[in-house]
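1. Provide a 3D model corresponding to the input given below.
(chains A, B, C, D, E and F)
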There are 4 protein chains.
Amino acid sequence: MPKSATRIQQKNQAAIMTAGLEVFSQFGFRGSTLDQVADAAGLSKPNLLYYFPSKDAIYTALLARLLENWLEPLHQMNDAGDPVEEILGYANRKLTMSRDFPRESRLFANEILQGAPRIKDVLAGELRALVEAKATVIKRWIAEGKIKPVDPVHLIFSIWSLTQHYADFDVQVRAILGDTDPFDTAETHLNDVFRRLLTP
Amino acid sequence: MPKSATRIQQKNQAAIMTAGLEVFSQFGFRGSTLDQVADAAGLSKPNLLYYFPSKDAIYTALLARLLENWLEPLHQMNDAGDPVEEILGYANRKLTMSRDFPRESRLFANEILQGAPRIKDVLAGELRALVEAKATVIKRWIAEGKIKPVDPVHLIFSIWSLTQHYADFDVQVRAILGDTDPFDTAETHLNDVFRRLLTP
Amino acid sequence: MPKSATRIQQKNQAAIMTAGLEVFSQFGFRGSTLDQVADAAGLSKPNLLYYFPSKDAIYTALLARLLENWLEPLHQMNDAGDPVEEILGYANRKLTMSRDFPRESRLFANEILQGAPRIKDVLAGELRALVEAKATVIKRWIAEGKIKPVDPVHLIFSIWSLTQHYADFDVQVRAILGDTDPFDTAETHLNDVFRRLLTP
Amino acid sequence: MPKSATRIQQKNQAAIMTAGLEVFSQFGFRGSTLDQVADAAGLSKPNLLYYFPSKDAIYTALLARLLENWLEPLHQMNDAGDPVEEILGYANRKLTMSRDFPRESRLFANEILQGAPRIKDVLAGELRALVEAKATVIKRWIAEGKIKPVDPVHLIFSIWSLTQHYADFDVQVRAILGDTDPFDTAETHLNDVFRRLLTP
DNA sequence: TATGAATGAGGATTCATTCAT
DNA sequence: AATGAATGAATCCTCATTCAT
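-> Numbers count the residues shown, from 1 in each chain, chains lettered A, B, ... in the order given. A predicted model of the protein is given here:
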């Protein structure tokens, strides 16, 4: 019954990915146990390892899936669009991701904090190339007087840090804000920041 | 000869703190082992535990020491100074800390990422109170027209995220920047960001 | 096939209980190691902990099982029976237990010697109540002239000490008696003791 | 200053013996730690080992001192005295020892429970010889009609178990008796037991 | 005589992974 | 596809003992 088997397979693999994300994003790779993941996935530990050959494989799969989507918002920044709006749009997409996918953000943060042992290549390769390409665009925008002078690479770092902060430091943000939802007010604030920084 | 005894004690305790900072800041509490800390401290594992009763005690001591200094730069923001310069000064102090004490920053980031199990109280207590106090000052500055309108709490979040990013995401930053030293250019960039955001 | 699984489980749990009894009754809780128990059970140490969550759990399970049976012989003393025979019967049942379950007796003795940290409640609760109930019966027997006057609680202590001695001090008893089986002659002796003490 | 040194030595050795008795009698040899003994003695652990070469040495010294006094009450049973009074006297001396030296009794009980690894020789040698000698005396008393027939060795066992019980099972005895002092009533009871057993 | 410092040999427990079914 | 059983390799921690002073 390959069809039904495949369906179960997909369901369980998805459950494992979700569980792994939940666990790994909080405790990091070494701080997480397969028991935690198995519990969260509602599977037995040996059954977990029927779908993924090892703890590492689950973690790596999560990282791979993450990277697929992680760069997408930056890719979408359109060379031909209105510069200020394009940059603001990127920042807003990143903020939305922090709101909707905070665990992915924390998984990424964890990996970077530990020295990015598994994704250094991606950072120095694909990511660096993408950033440099977009930096070139931004420089052109500056030269054309469409936005105020700004270090384009640090601008991108700023977008990352300002938006991801609301996912990665969520506990701290909420401890300080109390019941207020952080994202409601964050969006306005970040738009202020970038508009004043960039609008000529 | 208690003095010599104390000297050894101080030396070893300091070595353990340094080693613990190195290890815990990278791997987090659960991801670190006493073996790693002992190796880094140049001590045997039992000897380590002669100075600190447990792995947890080392980690907790590190967190405690960290928190002592962590809030200091914000405390230093002077109500009576020039608003823009005071806020910029705070941001610059934080950036300097990221440059000089990146491991402390990563230790803190690790703790927060894991849900801040040991310092939630400090966050919701001391830190929140301090932030609210400084937010009041900032609001007054805004009311007096000394700085442009801005959400004061999110302004503080922005200072944190923009500066700590250079410590916490150091690997990523360097992967993208290559040989350029991040902090040389970061300072100018951050001054641009905050000046444009705040200067009336 | 849950039945086969259960069979292995039961077999191993039983083996662990037997092994734990053997080891704990001789060395006490703190003096015993999981290695000893695992060896005696023919299991690896981690496999041991697959069936019981901790060393303490094994010990506690043994104590619990012991207490279930420990009071039974006293319960069986029948208010309506012949007083002398009832008391003698109780003593004989206790002596038989010392012969057939000496390790249980020593486990109990060990626990009491260490201050009964885990079963103080049972002693001061269930056991005390049972002793007091039976003491009331014995007092009635005395009042009715069925047995000679005797302190009923100390009588019960005497039955315990005289019989358990042959299990708890077995090594000493055998060192003195040489090849003679202690229990052969003990029974007669104890019957003499109690008959002369009680027969009006 | 040898004299003062000796004084300190004696004081500390005595303190260690007292502390060791306290600790070993409760937890047994393997269940006790040198830290516990050192704490109880008010000495540092290395200083402890200045006076006794090892943990074992302390325990062995305690056992040796114990054995010196342990057999004394039986030795005192006088062949030429009145049989019933002599045997009762012995029982009373043993009961007094249980009251005044319960820790010694428990130390002995612990050692026996563990199979008497260090004093098997004494049991099978000195003790056995003494018991046999006294058994011969008792047999003579029986033959002379001075006391009722009774198994002499088991009689001695009975004296041991009935009296030591109040030291070794102290916790249980007090749990059942509540506030009543066990020894007040025990003496009368034991006299009843032995008088009725022996008086012709 | 005394103690701070250090350590090797355990000892309880965890955990990723394998095996058998 | 699933799971109960089993294990070797850690991992935190304890403890008797030694060393240096």
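
2. Show me where chain A has its helices.
-> With helices called from DSSP state H, chain A shows them at A:2-31, A:34-41, A:45-51, A:55-70, A:72-75, A:83-100, A:102-113, A:120-122, A:128-143, A:152-168, A:170-177, A:182-198.

3. Same list (these) but as CSV, adding mean pLDDT, mean neighbour count and distance to DNA strand F.
-> In this view, the C-beta of every residue, glycine as well, is placed from N, C-alpha and C. Listed next are the helices of chain A as CSV, based on pLDDT from 0 to 100; neighbours: other C-beta atoms under 10 Å in any protein chain shown; distance: least, C-beta to the nearest atom of the strand, whole Å:
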stretch, mean pLDDT, mean neighbour count, distance to DNA strand F
helix A:2-31, 86, 17, 3
helix A:34-41, 95, 19, 9
helix A:45-51, 94, 15, 3
helix A:55-70, 95, 17, 12
helix A:72-75, 96, 15, 31
helix A:83-100, 98, 19, 29
helix A:102-113, 97, 23, 17
helix A:120-122, 95, 14, 22
helix A:128-143, 98, 16, 33
helix A:152-168, 98, 24, 25
helix A:170-177, 98, 20, 24
helix A:182-198, 97, 19, 34
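
4. So which of these is nearest B:Phe101?
-> Closest approach to B:Phe101 among the helices of chain A (C-beta to C-beta): helix A:102-113, 14.9 Å.

5. other SSEs contacting the closest one?
-> Of the remaining helices and strands, those touching helix A:102-113 by 3 or more C-beta pairs under 8 Å, 6 or more residues apart in numbering or on different chains; DSSP states H and E are helix A:2-31, helix A:55-70, helix A:83-100, helix A:152-168, helix B:2-31, helix B:102-113, helix B:152-168.

6. That one to helix A:55-70, inter-axis angle?
-> Following axes from the mean of the first three to the mean of the last three C-alpha atoms, to 10 degrees, one obtains 110 degrees for the angle between helix A:102-113 and helix A:55-70.

7. chain center to helix A:102-113: distance?
-> Between the centre of helix A:102-113 and the centre of its chain there are 7 Å (C-alpha atoms, centre = their mean, to the nearest Å).

8. From the rest of the structure, what touches that helix?
-> Helix A:102-113 has contacts (C-beta atoms under 8 Å, 6 or more residues apart in numbering or on different chains) with A:21-22, A:24-26, A:28-29, A:62-63, A:66, A:69-70, A:97-98, A:117-119, A:164, A:166-168, A:170, B:25-26, B:28, B:106, B:109-110, B:113, B:168-169, B:171-172.

9. With stretch A:159-173 instead?
-> Stretch A:159-173 is touched from outside by A:87, A:90-91, A:94-95, A:97-99, A:101-102, A:105-106, A:108-109, A:182-183, A:186, A:190, A:193-194, B:109, B:112-113, B:115-116, B:120, B:123, B:127, B:157-158, B:160-162, B:164-165, B:169, with contacts defined as C-beta under 8 Å, 6+ apart.

10. do the same with stretch A:142-150
-> Outside stretch A:142-150, the residues that touch it by C-beta under 8 Å, 6+ apart are A:82-84, A:87, A:138, A:141, A:152, A:197-200, B:189, B:192, B:196.

11. how does it look with 10 Å?
-> A:82-84, A:86-87, A:138-141, A:151-152, A:155, A:158, A:194, A:196-200, B:188-189, B:192-193, B:196 (C-beta atoms under 10 Å, 6 or more residues apart in numbering or on different chains).

12. Now do it: distance from first to last residue.
-> Using C-alpha to C-alpha, to the nearest Å, one end of stretch A:142-150 lies 8 Å from the other.

13. May I see the buried residues of that stretch?
-> Within stretch A:142-150, the residues that count as buried by 16 or more other C-beta atoms under 10 Å in any protein chain shown are A:142, A:146-147, A:150.

14. okay, among the residues you listed, which ones form the most distant pair?
-> Largest separation among the buried residues of stretch A:142-150 by C-beta to C-beta: A:Lys146 and A:Val150, giving 11.6 Å.

15. Relative to chain C, which residue of chain A is the closest?
-> When scored by C-beta to the nearest C-beta, chain A has A:Lys45 as its residue closest to chain C, at 12.3 Å.

16. could you list every residue that touches that residue?
-> By C-beta under 10 Å, 6+ apart, the residues touching A:Lys45 are A:33-35, A:37-39.

17. Redo these as CSV? Include distance to chain C.
-> Output for the contacts of A:Lys45, formatted as CSV (distance: C-beta to the nearest C-beta, whole Å):
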residue, distance to chain C
A:Thr33, 15
A:Leu34, 15
A:Asp35, 13
A:Val37, 20
A:Ala38, 16
A:Asp39, 16
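
18. Spell out which residues make up each domain of chain A.
-> When chain A is parsed with automatic domain parsing, its domains come out as A:2-65, A:71-198.

19. Which of these sits closest to D:Asn12?
-> Checking the domains of chain A against D:Asn12 by C-beta to C-beta gives domain A:2-65 as the closest, at 48.7 Å.

20. Now do A:Gly125: how many residues are near it, please.
-> Neighbour count for A:Gly125, taken as other C-beta atoms under 10 Å in any protein chain shown: 12.

21. my guess is it contacts B:Ala175, does it?
-> Yes. With contact defined as C-beta atoms under 10 Å, A:Gly125 reaches B:Ala175; the gap is 8.7 Å.
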